[in-house]
Structures are given as structure tokens and as C-alpha cells.
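Participant: A predicted structure for the sequence below; I have some questions about it.
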Amino acid sequence: PTATSAAIGPKELLNVQVPAAKARKDPKEIWDEDEILDVVEDDIDDGREMPVYEFMYKQAVETTDVFLGMSGKDESSTSCEELVVRIELPEVSGANELDLDVKPTYLKLSSTKYKLSIHLPHKVLEDKGKAKWDSKTHELRVTLPIVREDEF
């Protein structure tokens, strides 16, 4: 028998049929509307103020990580386990005035005075998150576990 590149591999893979690509309505489009996931539908300006917010990251480290670097973790967000969204709401008196909706890729917060719709920098586990209201600083901190789909 002659060894060629076509003879390498299982024989049942020789006649595999690859499905044709889906036809697009407009050939110039790079994706269809139904391919877009987690769309924030509430991006209309209704006059409510957008609060000041910031993204922070939490990372579980031990002394072996800090001093010896044994786990391979670094200070970048790719090594963090949780995403914290800190939102300043100076004219809100309590968490009962807020409506919070978290999805894997975005966060939506609304009250009578404020409205925030933001895409998150990382995919999160929305069901495992925690929100804490600080009445002294009038801040809401939303802590969300980050989904790591591919470890590198």
C-alpha cells in the first residue's frame, strides 16, 4: 500500500458532508439580527441622569501568589474571579428605590432619578451575584463572578 496524505486518518471521514453556509438576506451584512445576543433594549434617553460608575476586580490570592508567584496569577483582569460594579447614587436613600437587572453581558439599573444600562467587560454568572447598598456613601456595589470560558 502506498502512503499518501489522503490515506491518513479513519476511512469514515472521507465522505463527510459539510453543510452549506446559511444564506444572508443582505450579502453585505456580517451578521443577522437574530445572531445578536443580550441586546440592551432600554437605551432611549428619557431624561433621567446616568450615575457615575466604575468597574473593579477581585482576585483571591494567597501568600504563595504574592511572594512566590506560584499560581501563575498576575494583576490583570484575566486572573480575577469577580467583577465589582460600584455605582454612585447620591440622591437615593435606600436600595428599595432601585430596580436592578443583571444579564450575563450587561447590567441595567433604574430609579426615579437615575438610569444606567451598560455592557459588562466580561461575561458573568448573573444568578450568583450579590448587591450591597451603603447608606453612608449612597453607593451600590454589585459583585458578580466572572465566567472564564477559555483558560490560557
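Facilitator: Happy to help now that I have it.
Participant: what's residue 46 in contact with, if anything?
Facilitator: Applying C-beta atoms under 8 Å, 6 or more residues apart in numbering, we find residue 46 in contact with residue 115. Every C-beta, even on glycine, is put in place using the N, C-alpha and C of the backbone.
Participant: again but with residue 101, I slipped
Facilitator: 107, 108, 109.
Participant: try 7 Å
Facilitator: residue 108 (C-beta atoms under 7 Å, 6 or more residues apart in numbering).
Participant: tell me the strands beside the strand or helix carrying it, with direction?
Facilitator: Using DSSP states H and E, residue 101 falls within strand 99-102. Partners of strand 99-102 in the sheet, by DSSP bridges, are strand 106-110 (antiparallel).
Participant: and the partner strand, how far from the chain's centre?
Facilitator: Mean C-alpha position of strand 106-110 versus that of the full chain (C-alpha atoms, centre = their mean, to the nearest Å) differs by 13 Å.
Participant: what does it contact?
Facilitator: With contacts defined as C-beta under 7 Å, 6+ apart, strand 106-110 is touched by 38, 40, 42, 85, 87, 98-101, 116-120, 142.
Participant: from the residues you listed, list the buried ones, please.
Facilitator: Among these, the ones that count as buried by 16 or more other C-beta atoms under 10 Å are 85, 87, 98, 100, 116, 117, 120, 142.
Participant: how about residue 46, secondary structure?
Facilitator: State at residue 46, reduced to three classes by DSSP: H, G, I helix; E, B strand; the rest coil: coil.
Participant: so what's residue 82 up against?
Facilitator: Here residue 82 is in contact with 58, 143, 144, 145, 146 (C-beta under 7 Å, 6+ apart).
Participant: could you redo the last one with a cut-off of 6 Å?
Facilitator: 58, 143, 145 (C-beta atoms under 6 Å, 6 or more residues apart in numbering).
Participant: please name the bridge partners of it.
Facilitator: Under the criterion used (DSSP bridges), residue 82 bridges to residue 58, residue 145.
Participant: run a quick neighbour tally on residue 109.
Facilitator: 23 (other C-beta atoms under 10 Å).
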